[in-house]
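Participant: Structure for this input, please:
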Amino acid sequence: MQIDEAVTTRIQQLLTERGWTTNELIKRSGVKQSTISEIMAGRSKFPRISTIKKIAHGFGMTLSEFFNHKMFED
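Facilitator: Residues are numbered from 1 along each chain as shown. As a prediction, the model looks like this:
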């Protein structure tokens, strides 16, 4: 799995776990709707680490916690 795919999958997983829509994540993270849409649609091949950090914080976790998943091991 490519890193961009893993990031998208991880975001979707966290949204599902919390029962959130992408709009809830947008509100909590402060990341623009267009940016979240690009990531979720797989059009953002290299999302910035600063953006992923904001997304992680929107989920109430650190960047390390976001990436602490088996899909990021390889």
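Participant: I'd assumed I39 was in contact with I11.
Facilitator: Yes: in terms of CB atoms under 8 Å, I11 counts as a neighbour of I39; the distance is 6.8 Å. Glycine gets a C-beta too; all of them are placed from N, C-alpha and C.
Participant: average pLDDT for stretch 13-29?
Facilitator: The average pLDDT within stretch 13-29 is 97.
Participant: just to revisit the earlier point, which neighbours do I11 and I39 have in common?
Facilitator: The contact sets of I11 and I39 do not overlap (CB atoms under 8 Å, 6 or more residues apart in numbering).
Participant: for the closest residue to T62 other than its chain neighbours, what are its contacts?
Facilitator: Spatial nearest neighbour of T62, excluding adjacent residues (CB to CB, 6 or more residues apart in numbering): A56 at 6.3 Å. By CB under 8 Å, 6+ apart, A56 lies in contact with 62-63, 65-66.
Participant: State the helix or strand in which S37 lies.
Facilitator: helix 33-40 (DSSP states H and E).
Participant: helices or strands next to that helix in the packing?
Facilitator: Applying 3 or more CB pairs under 8 Å, 6 or more residues apart in numbering; DSSP states H and E, one finds that helix 33-40 contacts helix 3-18, helix 22-29, helix 49-58.
Participant: In this protein, where is pLDDT below threshold?
Facilitator: 74 (pLDDT under 70).
Participant: how about F66, what does it touch?
Facilitator: Applying CB under 8 Å, 6+ apart to F66 gives the contacts 10, 52, 55-56, 59.
Participant: go with 10 Å
Facilitator: 7, 10-11, 14, 52-53, 55-57, 59, 72 (CB atoms under 10 Å, 6 or more residues apart in numbering).
Participant: Now do the helix or strand hosting it: distance to the chain's middle.
Facilitator: Following DSSP H and E, one finds F66 within helix 63-67. Distance, stretch centre to chain centre, for helix 63-67: 10 Å (CA atoms, centre = their mean, to the nearest Å).
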